[in-house]
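Trainee: this is a predicted model, with the sequence first.
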Amino acid sequence: MNLLESVQMAVKTLLSNKLRSALTMLGIVIGNASVIAMIGIGEGGQKFVSKELESLGPNVLFVIPGNRETQRVSRDVPKTLVLEDAEAIATQVPTIAGVAAELNSRQVATYGNKNTDINIVGTVPSFLKVRDFEIATGRFFTDLDMKRSNQVAVLGTKLAERLFGSSNPVGQQLRIKNTSFQVIGVLAPKGSNVGVDYDDAALIPIFTMANRIVGRTSPYGLELTYIVTSAKNADSVDAAEFQITNLLRQRHKLTGEDDFNIRTQKDALQTVGQITGALTIMLTAISAISLFVGGIGIMNIMLVSVTERTQEIGLRKAIGATEQDILLQFIIEAVIVSAIGGLVGTAVGASGIILVAVLTPLKAGISPVAIAVAVGVSGGIGLFFGVVPARRAAQLDPIVALRSA
(Lines give C-alpha, C1' and ligand atoms only; values in the text may rest on other atoms or scores of the structure.)
Protein backbone atom coordinates (compact mmCIF):
# COMPACT_ATOMS: atom_id res chain seq x y z
CA MET A 1 0.00 0.00 0.00
CA ASN A 2 1.18 3.50 -0.75
CA LEU A 3 0.87 6.45 1.64
CA LEU A 4 -2.36 7.77 0.09
CA GLU A 5 -4.10 4.43 0.42
CA SER A 6 -2.97 4.17 4.05
CA VAL A 7 -4.39 7.63 4.81
CA GLN A 8 -7.70 6.80 3.07
CA MET A 9 -8.03 3.57 5.03
CA ALA A 10 -7.18 5.31 8.30
CA VAL A 11 -9.85 7.96 7.65
CA LYS A 12 -12.48 5.34 6.83
CA THR A 13 -11.63 3.43 10.00
CA LEU A 14 -11.95 6.55 12.15
CA LEU A 15 -15.25 7.55 10.51
CA SER A 16 -16.69 4.09 11.12
CA ASN A 17 -16.32 4.76 14.90
CA LYS A 18 -17.23 8.46 15.09
CA LEU A 19 -18.11 8.59 18.79
CA ARG A 20 -14.98 6.75 19.89
CA SER A 21 -12.81 8.91 17.65
CA ALA A 22 -14.41 12.08 19.03
CA LEU A 23 -13.91 11.00 22.63
CA THR A 24 -10.30 10.09 21.84
CA MET A 25 -9.75 13.61 20.50
CA LEU A 26 -11.30 15.25 23.57
CA GLY A 27 -8.14 15.19 25.69
CA ILE A 28 -6.12 16.77 22.89
CA VAL A 29 -8.85 19.38 22.29
CA ILE A 30 -8.89 20.39 25.96
CA GLY A 31 -5.09 20.43 26.18
CA ASN A 32 -4.60 22.57 23.07
CA ALA A 33 -7.38 24.98 24.00
CA SER A 34 -5.98 25.39 27.51
CA VAL A 35 -2.41 26.00 26.35
CA ILE A 36 -3.39 28.55 23.69
CA ALA A 37 -5.84 30.32 26.01
CA MET A 38 -3.37 30.51 28.91
CA ILE A 39 -0.60 31.93 26.73
CA GLY A 40 -2.99 34.48 25.18
CA ILE A 41 -4.48 35.53 28.51
CA GLY A 42 -1.00 35.74 30.06
CA GLU A 43 0.16 38.04 27.29
CA GLY A 44 -3.02 40.07 27.67
CA GLY A 45 -2.41 40.45 31.41
CA GLN A 46 1.15 41.58 30.79
CA LYS A 47 0.00 44.16 28.22
CA PHE A 48 -2.73 45.41 30.58
CA VAL A 49 -0.37 45.92 33.51
CA SER A 50 2.28 47.46 31.26
CA LYS A 51 -0.27 49.91 29.90
CA GLU A 52 -1.30 50.87 33.43
CA LEU A 53 2.33 51.48 34.37
CA GLU A 54 2.95 53.46 31.20
CA SER A 55 0.12 55.77 32.22
CA LEU A 56 2.44 56.98 34.99
CA GLY A 57 4.61 58.53 32.30
CA PRO A 58 7.90 57.18 30.94
CA ASN A 59 9.97 59.76 32.86
CA VAL A 60 8.54 59.25 36.36
CA LEU A 61 10.75 58.24 39.30
CA PHE A 62 9.47 57.28 42.76
CA VAL A 63 11.65 57.96 45.78
CA ILE A 64 10.47 55.69 48.59
CA PRO A 65 11.57 55.72 52.26
CA GLY A 66 13.74 52.80 53.38
CA ASN A 67 15.92 50.53 51.28
CA ARG A 68 14.71 47.30 49.71
CA GLU A 69 15.79 45.21 52.71
CA THR A 70 13.91 47.27 55.30
CA GLN A 71 10.83 47.31 53.08
CA ARG A 72 10.99 43.53 52.79
CA VAL A 73 11.38 42.69 56.49
CA SER A 74 9.36 45.48 58.13
CA ARG A 75 5.65 46.25 58.00
CA ASP A 76 6.19 49.84 59.13
CA VAL A 77 7.42 52.17 56.40
CA PRO A 78 10.50 53.99 57.73
CA LYS A 79 10.18 57.78 57.89
CA THR A 80 13.40 58.75 56.17
CA LEU A 81 12.04 61.27 53.64
CA VAL A 82 10.81 64.76 54.53
CA LEU A 83 9.35 67.66 52.58
CA GLU A 84 12.71 69.44 52.60
CA ASP A 85 14.16 66.52 50.59
CA ALA A 86 11.53 67.06 47.89
CA GLU A 87 12.25 70.81 47.84
CA ALA A 88 16.00 70.14 47.56
CA ILE A 89 15.43 67.76 44.62
CA ALA A 90 13.29 70.39 42.87
CA THR A 91 15.95 73.09 43.18
CA GLN A 92 19.23 71.15 43.00
CA VAL A 93 18.71 68.37 40.46
CA PRO A 94 19.02 69.83 36.95
CA THR A 95 17.58 66.83 35.10
CA ILE A 96 14.25 67.03 36.96
CA ALA A 97 11.23 68.74 35.39
CA GLY A 98 8.94 68.52 38.42
CA VAL A 99 8.58 67.16 41.95
CA ALA A 100 5.46 66.17 43.89
CA ALA A 101 5.60 65.17 47.57
CA GLU A 102 2.89 62.83 48.89
CA LEU A 103 1.75 61.91 52.39
CA ASN A 104 -0.92 59.18 52.48
CA SER A 105 -3.30 57.97 55.15
CA ARG A 106 -6.49 55.89 55.47
CA GLN A 107 -9.35 57.82 57.07
CA VAL A 108 -13.13 57.80 57.32
CA ALA A 109 -14.90 60.37 55.15
CA THR A 110 -18.46 61.47 55.89
CA TYR A 111 -21.07 63.20 53.75
CA GLY A 112 -24.59 63.37 55.12
CA ASN A 113 -25.40 59.90 56.42
CA LYS A 114 -22.73 58.21 54.28
CA ASN A 115 -19.49 57.02 55.89
CA THR A 116 -16.70 55.44 53.87
CA ASP A 117 -13.09 54.45 54.46
CA ILE A 118 -10.89 56.15 51.84
CA ASN A 119 -7.30 56.97 51.04
CA ILE A 120 -6.35 60.58 51.81
CA VAL A 121 -3.43 61.98 49.82
CA GLY A 122 -1.71 65.11 51.06
CA THR A 123 0.23 66.61 48.18
CA VAL A 124 1.35 69.80 46.44
CA PRO A 125 0.01 71.80 43.45
CA SER A 126 2.62 70.30 41.11
CA PHE A 127 0.95 66.90 41.56
CA LEU A 128 -1.14 67.27 38.40
CA LYS A 129 1.82 67.99 36.15
CA VAL A 130 4.19 65.41 37.62
CA ARG A 131 1.64 62.58 37.75
CA ASP A 132 -0.06 63.58 34.48
CA PHE A 133 -3.52 63.89 36.03
CA GLU A 134 -6.31 66.12 34.76
CA ILE A 135 -9.21 67.92 36.43
CA ALA A 136 -12.67 66.90 35.20
CA THR A 137 -14.63 69.60 37.03
CA GLY A 138 -13.69 72.47 39.35
CA ARG A 139 -10.05 73.22 40.09
CA PHE A 140 -6.97 71.89 41.89
CA PHE A 141 -5.63 73.56 45.03
CA THR A 142 -3.02 76.29 44.66
CA ASP A 143 0.20 77.32 46.43
CA LEU A 144 -1.89 79.74 48.49
CA ASP A 145 -4.23 76.92 49.56
CA MET A 146 -1.21 74.91 50.64
CA LYS A 147 0.55 77.72 52.52
CA ARG A 148 -2.64 78.66 54.38
CA SER A 149 -3.47 74.99 55.11
CA ASN A 150 -6.90 75.57 53.57
CA GLN A 151 -9.41 72.81 54.18
CA VAL A 152 -10.11 72.02 50.53
CA ALA A 153 -10.27 68.66 48.77
CA VAL A 154 -10.16 67.28 45.25
CA LEU A 155 -11.95 63.94 44.82
CA GLY A 156 -11.40 61.00 42.51
CA THR A 157 -14.29 60.09 40.22
CA LYS A 158 -15.24 56.89 42.07
CA LEU A 159 -15.26 58.59 45.45
CA ALA A 160 -17.29 61.53 44.14
CA GLU A 161 -19.87 59.17 42.67
CA ARG A 162 -19.96 57.01 45.81
CA LEU A 163 -20.59 59.97 48.13
CA PHE A 164 -22.52 62.41 45.95
CA GLY A 165 -24.15 60.20 43.34
CA SER A 166 -25.04 62.06 40.16
CA SER A 167 -25.01 65.51 41.81
CA ASN A 168 -22.10 67.91 41.38
CA PRO A 169 -19.81 67.64 44.44
CA VAL A 170 -17.97 70.94 43.79
CA GLY A 171 -18.82 73.38 46.56
CA GLN A 172 -20.13 70.66 48.91
CA GLN A 173 -18.74 70.05 52.40
CA LEU A 174 -17.07 66.75 53.27
CA ARG A 175 -15.91 65.69 56.74
CA ILE A 176 -12.64 63.83 57.22
CA LYS A 177 -11.57 62.93 60.75
CA ASN A 178 -14.01 65.48 62.23
CA THR A 179 -12.62 68.24 59.98
CA SER A 180 -14.80 69.87 57.35
CA PHE A 181 -13.38 70.16 53.82
CA GLN A 182 -14.81 72.01 50.87
CA VAL A 183 -14.77 70.03 47.62
CA ILE A 184 -13.20 72.24 44.96
CA GLY A 185 -12.68 69.75 42.14
CA VAL A 186 -12.94 66.22 40.77
CA LEU A 187 -10.11 64.38 39.02
CA ALA A 188 -10.54 62.85 35.59
CA PRO A 189 -10.44 59.00 35.72
CA LYS A 190 -6.92 57.65 35.99
CA GLY A 191 -6.95 54.34 37.84
CA SER A 192 -4.60 52.76 40.34
CA ASN A 193 -0.99 53.92 40.48
CA VAL A 194 1.68 52.50 42.80
CA GLY A 195 -0.94 50.72 44.90
CA VAL A 196 -3.17 53.80 45.33
CA ASP A 197 -6.48 54.05 43.49
CA TYR A 198 -6.63 57.81 42.94
CA ASP A 199 -10.11 57.46 41.43
CA ASP A 200 -11.25 56.46 44.93
CA ALA A 201 -9.14 58.94 46.92
CA ALA A 202 -9.34 62.50 48.22
CA LEU A 203 -6.43 64.89 47.63
CA ILE A 204 -5.80 67.73 50.07
CA PRO A 205 -2.93 70.23 50.60
CA ILE A 206 0.01 68.54 52.27
CA PHE A 207 0.23 71.07 55.16
CA THR A 208 -3.48 70.56 55.85
CA MET A 209 -2.81 66.84 55.89
CA ALA A 210 0.00 67.24 58.41
CA ASN A 211 -1.78 69.75 60.67
CA ARG A 212 -5.35 68.39 60.60
CA ILE A 213 -5.23 64.69 59.74
CA VAL A 214 -2.02 62.82 60.65
CA GLY A 215 -0.03 65.29 62.72
CA ARG A 216 3.73 65.86 62.58
CA THR A 217 5.67 62.93 64.01
CA SER A 218 9.21 63.49 62.70
CA PRO A 219 11.60 65.94 64.40
CA TYR A 220 13.45 66.39 61.09
CA GLY A 221 10.54 67.86 59.12
CA LEU A 222 7.28 66.90 57.48
CA GLU A 223 7.67 63.18 56.76
CA LEU A 224 6.49 61.84 53.39
CA THR A 225 5.10 58.59 52.09
CA TYR A 226 7.13 59.07 48.94
CA ILE A 227 8.43 61.68 46.51
CA VAL A 228 7.43 61.54 42.86
CA THR A 229 9.69 63.22 40.32
CA SER A 230 9.57 63.53 36.54
CA ALA A 231 12.74 63.70 34.47
CA LYS A 232 12.96 66.21 31.62
CA ASN A 233 12.92 63.38 29.08
CA ALA A 234 13.31 59.61 28.85
CA ASP A 235 17.06 59.93 28.23
CA SER A 236 17.47 61.83 31.51
CA VAL A 237 15.93 59.17 33.76
CA ASP A 238 19.19 57.39 34.59
CA ALA A 239 21.02 60.69 35.18
CA ALA A 240 18.16 61.93 37.37
CA GLU A 241 18.27 58.75 39.45
CA PHE A 242 22.02 59.12 39.94
CA GLN A 243 21.76 62.81 40.91
CA ILE A 244 18.86 62.26 43.32
CA THR A 245 20.75 59.42 44.99
CA ASN A 246 23.85 61.56 45.51
CA LEU A 247 21.82 64.52 46.79
CA LEU A 248 19.83 62.48 49.32
CA ARG A 249 22.93 60.64 50.55
CA GLN A 250 24.56 64.03 51.24
CA ARG A 251 21.45 65.41 52.93
CA HIS A 252 21.01 62.30 55.09
CA LYS A 253 24.76 62.12 55.82
CA LEU A 254 24.93 58.48 54.76
CA THR A 255 28.18 56.53 54.71
CA GLY A 256 26.69 53.04 54.40
CA GLU A 257 23.70 51.80 52.44
CA ASP A 258 20.89 54.12 51.36
CA ASP A 259 17.89 54.76 53.61
CA PHE A 260 15.69 55.31 50.53
CA ASN A 261 14.92 53.50 47.31
CA ILE A 262 14.36 54.92 43.82
CA ARG A 263 12.08 53.08 41.43
CA THR A 264 11.54 53.90 37.80
CA GLN A 265 8.92 52.78 35.33
CA LYS A 266 11.55 50.61 33.66
CA ASP A 267 12.10 48.75 36.95
CA ALA A 268 8.36 48.29 37.41
CA LEU A 269 7.88 47.02 33.85
CA GLN A 270 10.75 44.57 34.28
CA THR A 271 9.31 43.25 37.54
CA VAL A 272 5.84 42.92 36.05
CA GLY A 273 7.26 41.15 33.00
CA GLN A 274 9.05 38.62 35.20
CA ILE A 275 5.97 37.95 37.35
CA THR A 276 3.47 37.64 34.50
CA GLY A 277 5.95 35.62 32.46
CA ALA A 278 6.45 33.16 35.32
CA LEU A 279 2.68 32.88 35.88
CA THR A 280 2.08 32.31 32.17
CA ILE A 281 4.71 29.55 32.07
CA MET A 282 3.26 27.92 35.19
CA LEU A 283 -0.33 27.99 33.90
CA THR A 284 0.76 26.79 30.46
CA ALA A 285 2.69 23.91 32.01
CA ILE A 286 -0.36 22.92 34.06
CA SER A 287 -2.54 23.11 30.95
CA ALA A 288 -0.03 21.05 28.97
CA ILE A 289 -0.64 18.12 31.34
CA SER A 290 -3.98 17.65 29.53
CA LEU A 291 -2.05 17.08 26.29
CA PHE A 292 -0.12 14.29 27.99
CA VAL A 293 -3.36 12.80 29.35
CA GLY A 294 -4.88 13.08 25.88
CA GLY A 295 -1.90 11.19 24.44
CA ILE A 296 -2.43 8.37 26.93
CA GLY A 297 -6.08 8.30 25.89
CA ILE A 298 -5.05 7.92 22.24
CA MET A 299 -2.73 5.03 23.13
CA ASN A 300 -5.42 3.26 25.16
CA ILE A 301 -8.04 3.54 22.42
CA MET A 302 -5.58 2.44 19.76
CA LEU A 303 -4.66 -0.62 21.83
CA VAL A 304 -8.36 -1.49 22.09
CA SER A 305 -8.64 -0.97 18.35
CA VAL A 306 -5.78 -3.40 17.72
CA THR A 307 -7.56 -6.04 19.80
CA GLU A 308 -10.86 -5.49 17.99
CA ARG A 309 -9.23 -5.58 14.56
CA THR A 310 -7.08 -8.66 15.09
CA GLN A 311 -8.91 -10.58 12.33
CA GLU A 312 -8.53 -7.67 9.90
CA ILE A 313 -4.81 -7.40 10.62
CA GLY A 314 -4.31 -11.15 10.21
CA LEU A 315 -6.24 -11.16 6.92
CA ARG A 316 -4.30 -8.24 5.50
CA LYS A 317 -0.95 -9.78 6.44
CA ALA A 318 -2.08 -13.14 4.97
CA ILE A 319 -2.69 -11.53 1.55
CA GLY A 320 0.64 -9.72 1.50
CA ALA A 321 0.56 -6.62 3.73
CA THR A 322 3.92 -6.03 5.35
CA GLU A 323 4.64 -5.01 8.93
CA GLN A 324 5.49 -1.53 7.64
CA ASP A 325 2.01 -1.25 6.03
CA ILE A 326 0.25 -2.17 9.28
CA LEU A 327 2.57 0.04 11.32
CA LEU A 328 2.03 3.01 9.00
CA GLN A 329 -1.77 2.71 9.04
CA PHE A 330 -2.06 2.69 12.82
CA ILE A 331 0.43 5.54 13.20
CA ILE A 332 -1.50 7.58 10.63
CA GLU A 333 -4.73 6.97 12.54
CA ALA A 334 -3.14 8.22 15.78
CA VAL A 335 -1.65 11.28 14.07
CA ILE A 336 -4.94 12.16 12.36
CA VAL A 337 -6.81 11.94 15.68
CA SER A 338 -4.30 14.15 17.48
CA ALA A 339 -3.93 16.64 14.60
CA ILE A 340 -7.69 17.13 14.21
CA GLY A 341 -7.98 17.41 18.00
CA GLY A 342 -5.21 20.02 17.90
CA LEU A 343 -7.02 22.06 15.24
CA VAL A 344 -10.34 21.90 17.09
CA GLY A 345 -8.59 22.79 20.34
CA THR A 346 -6.93 25.73 18.60
CA ALA A 347 -10.31 27.02 17.45
CA VAL A 348 -11.76 26.62 20.97
CA GLY A 349 -8.75 28.32 22.57
CA ALA A 350 -8.83 31.21 20.09
CA SER A 351 -12.56 31.67 20.70
CA GLY A 352 -11.90 31.79 24.44
CA ILE A 353 -9.22 34.44 23.96
CA ILE A 354 -11.56 36.57 21.84
CA LEU A 355 -14.28 36.21 24.49
CA VAL A 356 -11.88 37.30 27.25
CA ALA A 357 -10.74 40.29 25.18
CA VAL A 358 -14.35 41.39 24.62
CA LEU A 359 -15.67 40.88 28.16
CA THR A 360 -12.65 41.93 30.28
CA PRO A 361 -10.00 44.68 30.31
CA LEU A 362 -7.37 42.07 29.40
CA LYS A 363 -6.58 42.57 25.72
CA ALA A 364 -5.63 38.95 25.23
CA GLY A 365 -4.04 38.19 21.88
CA ILE A 366 -3.84 35.07 19.73
CA SER A 367 -0.21 34.07 19.41
CA PRO A 368 0.68 32.38 16.08
CA VAL A 369 3.73 30.85 17.76
CA ALA A 370 1.55 29.34 20.51
CA ILE A 371 -0.82 27.90 17.90
CA ALA A 372 2.03 26.41 15.87
CA VAL A 373 3.65 24.92 18.96
CA ALA A 374 0.37 23.52 20.34
CA VAL A 375 -0.67 21.90 17.05
CA GLY A 376 2.86 20.57 16.47
CA VAL A 377 3.04 19.15 19.99
CA SER A 378 -0.38 17.52 19.68
CA GLY A 379 0.66 15.90 16.38
CA GLY A 380 3.90 14.75 17.97
CA ILE A 381 1.99 13.31 20.92
CA GLY A 382 -0.20 11.32 18.53
CA LEU A 383 2.88 9.99 16.78
CA PHE A 384 4.65 9.16 20.06
CA PHE A 385 1.73 7.44 21.77
CA GLY A 386 0.60 5.74 18.55
CA VAL A 387 3.86 3.88 18.09
CA VAL A 388 3.24 1.27 20.82
CA PRO A 389 -0.16 0.05 19.56
CA ALA A 390 1.03 0.32 15.95
CA ARG A 391 4.07 -1.88 16.68
CA ARG A 392 1.85 -4.36 18.50
CA ALA A 393 -0.46 -4.57 15.50
CA ALA A 394 2.42 -4.89 13.03
CA GLN A 395 4.04 -7.73 14.96
CA LEU A 396 0.92 -9.93 15.10
CA ASP A 397 1.44 -13.33 13.51
CA PRO A 398 -1.18 -13.68 10.73
CA ILE A 399 -1.95 -17.34 11.52
CA VAL A 400 -2.38 -16.66 15.23
CA ALA A 401 -4.42 -13.55 14.45
CA LEU A 402 -6.81 -15.43 12.17
CA ARG A 403 -7.21 -18.29 14.69
CA SER A 404 -7.78 -15.94 17.64
CA ALA A 405 -10.44 -14.14 15.65
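Mentor: Done, it's in.
Trainee: what helix or strand is the nearest residue to Val335 once chain neighbours are set aside on?
Mentor: Distances taken as Cβ to Cβ, 6 or more residues apart in numbering place Gly382 nearest to Val335, at 4.5 Å, with adjacent residues excluded. In short, each C-beta sits where N, CA and C put it, glycine included. For Gly382, the element it lies in under DSSP states H and E is helix 368-394.
Trainee: by contact count, what packs against that helix?
Mentor: helix 18-54, helix 265-308, helix 323-359 (3 or more Cβ pairs under 8 Å, 6 or more residues apart in numbering; DSSP states H and E).
Trainee: buried set for that helix?
Mentor: For helix 368-394, the neighbour count (16 or more other Cβ atoms under 10 Å) marks 370-371, 373-375, 377-387, 389-390, 392-394 as buried.
Trainee: next one: stretch 106-122
Mentor: Across stretch 106-122, burial judged by 16+ other Cβ under 10 Å covers 107, 109-111, 118-122.
Trainee: equivalent analysis for stretch 284-292, please.
Mentor: 284, 287-288, 290-291.
Trainee: can you name the next helix or strand after the lowest-mean-pLDDT helix or strand in the chain?
Mentor: Here the helix or strand of the chain ranked lowest by mean pLDDT, DSSP states H and E is helix 68-73, holding a mean of 55. Per DSSP H and E, the first helix or strand lying C-terminal to helix 68-73 is helix 83-92.
Trainee: who are the packing partners of the helix or strand just after that next one?
Mentor: Counting by DSSP H and E, the next helix or strand C-terminal to helix 83-92 is strand 96-111. For strand 96-111, the packing partners by 3+ Cβ pairs under 8 Å, 6+ apart come out as helix 83-92, strand 114-123, helix 127-131, helix 157-164, strand 173-176, helix 206-208, strand 226-231, helix 237-251.
Trainee: could those be laid out in TSV, adding mean pLDDT?
Mentor: What follows is those, written out as TSV (pLDDT from 0 to 100):
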stretch	mean pLDDT
helix 83-92	92
strand 114-123	90
helix 127-131	89
helix 157-164	90
strand 173-176	91
helix 206-208	93
strand 226-231	90
helix 237-251	91
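Trainee: nearest to Gly45, of the ones you listed?
Mentor: Checking those against Gly45 by Cβ to Cβ gives helix 157-164 as the closest, at 22.5 Å.
Trainee: report the angle between that closest one and strand 114-123.
Mentor: 140 degrees (axes from the mean of the first three to the mean of the last three Cα atoms, to 10 degrees).
Trainee: distance from helix 157-164 to the middle of the chain?
Mentor: Centre-to-centre, helix 157-164 and its host chain are 28 Å apart (Cα atoms, centre = their mean, to the nearest Å).
Trainee: list of residues touching it?
Mentor: Identification of contacts with helix 157-164 by Cβ atoms under 8 Å, 6 or more residues apart in numbering yields 109, 111, 114, 116, 118, 136, 155, 169, 172, 174, 183, 186-189, 197, 199-202.
Trainee: mind giving me the PyMOL command for buried ones among those residues?
Mentor: With 16+ other Cβ under 10 Å as the burial test, the buried ones among the contacts of helix 157-164 are selected in PyMOL as follows:
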select buried, resi 109+111+118+136+155+169+172+174+183+186+187+199+200+201+202
